[in-house]
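Undergrad: need a structure here:
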Amino acid sequence: MILAGFVLLAVGATDLVRQFVPRRWIGFVVAAAVVVLLGIGGDALLPALLGLGAGALWAWSMPDEGPSRAGFWPAVALAALSIAAVVWGGSRSASGLIGELWTLRSPFGEVPFDLAVLALGAGVFLLESANLVVRAALDGEHTWRPAEVSGTVAPEPVPSARSEADAPAVSAVIPADPRHGFKGGRLIGPLERVLVMILTLAAAYPVLAAMLAAKGIVRFPEISRDGETGARAEYFLVGSLVSWVIGLGAAFLVWWAAHS
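TA: Prediction:
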């Protein structure tokens, strides 16, 4: 369990630093120091160091700009590692100095240090790293928005005299990256995944279903203008389903660890 927590925490912190910290090396040093200190205080230095190594590999294989070097496979490997660490790793009987001083109560009972690290790591991963996973899924499926919406249309040609030299020009449509059409998605996506995780753990399934249905209703006017291409609907479905699966997967990890 503790290994999955440190891996997710290191990966999530790496992507937050890459996205929001201007001087990345300072952010990386601070994030690594926090992870190492948590590992030392929680008698889990080796899992903390392995987590930092996983964060470095993630940063190399999943760049914050441009396509992923290994496609969707880094996300699959990370999911497999996290699941294995939670399912077969189990919980520890002692958590070092921090574990002795640690006290955290919740409506569901005591929250041990290892479970808190896992929940924190899953939450941090949902903020920015999951955006990269969704992007890799969209790139892997070559899912694009319609060119007439996301592209740049050249101005209409000006009428001229009839001559072969002044033949009518044809408007050109330059395809663009569909991600440029949804700037708010970088904020909506993380909030949505965190809510999915929290509502799932709280067993508030009617509220969760209502929230997911509301998103479809809000997007329906745009999807209804899809015409014959179906590109908007495909982009919405692929991105939303991958995002929801990530949020549900994080909730599953925390739930399993809490009941193991």
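Undergrad: now do the contacts for the residue most central in space within the chain.
TA: For the chain, the residue nearest the mean C-alpha position is residue 130 (0.8 Å; Cα atoms, centre = their mean). By Cβ atoms under 8 Å, 6 or more residues apart in numbering, the residues touching residue 130 are 189-190, 193, 243, 246-247. C-beta: built from backbone N, CA, C; applies to glycine.
Undergrad: for residue 110, phi and psi?
TA: phi -70, psi 140 (degrees, to the nearest 10).
Undergrad: sorry, slip of the keys, the one I care about is residue 105.
TA: Dihedral angles (degrees, to the nearest 10) for residue 105: phi -100, psi 150.
Undergrad: residue 111 is in contact with that one, correct?
TA: Yes. Contact criterion Cβ atoms under 8 Å: residue 105 and residue 111 qualify, at 7.2 Å.
Undergrad: more crowded one of the two?
TA: residue 111 (15 against 8; other Cβ atoms under 10 Å).
Undergrad: got phi/psi on the residue lying closest to the more buried one once chain neighbours are set aside?
TA: Distances taken as Cβ to Cβ, 6 or more residues apart in numbering place residue 104 nearest to residue 111, at 4.3 Å, with adjacent residues excluded. Here is the backbone geometry of residue 104 (degrees, to the nearest 10): phi -140, psi 120.
Undergrad: which residues touch residue 104?
TA: Per Cβ under 8 Å, 6+ apart, neighbours of residue 104: 110-111, 116.
Undergrad: can you check the pLDDT for residue 54?
TA: At residue 54, the pLDDT value in this model is 96.
Undergrad: actually residue 126, not the one I typed
TA: 96.
Undergrad: what's the nearest residue to it if we skip its chain neighbours?
TA: Per Cβ to Cβ, 6+ apart, closest to residue 126 is residue 193, 4.3 Å.
Undergrad: can you map out the strands along this structure?
TA: Here the chain has its strands, by DSSP state E, at 105-106, 109-110, 152-153, 173-174.
Undergrad: doesn't residue 52 make contact with residue 32?
TA: Yes. Here residue 32 reaches residue 52: they are 5.7 Å apart, a contact under Cβ under 8 Å.
Undergrad: where does the stretch 1-150 of the chain dip in pLDDT?
TA: Along the stretch 1-150 of the chain, segments meeting pLDDT under 70 span 141-150.
Undergrad: give me that answer again for 90
TA: 1, 63-73, 87-111, 135-150 (pLDDT under 90).
Undergrad: distance check, the residue nearest to residue 111 against residue 117.
TA: 11 Å (Cβ to Cβ, to the nearest Å).
Undergrad: then residue 84?
TA: Look at residue 84 and residue 117: by Cβ to Cβ, they are 17 Å apart.
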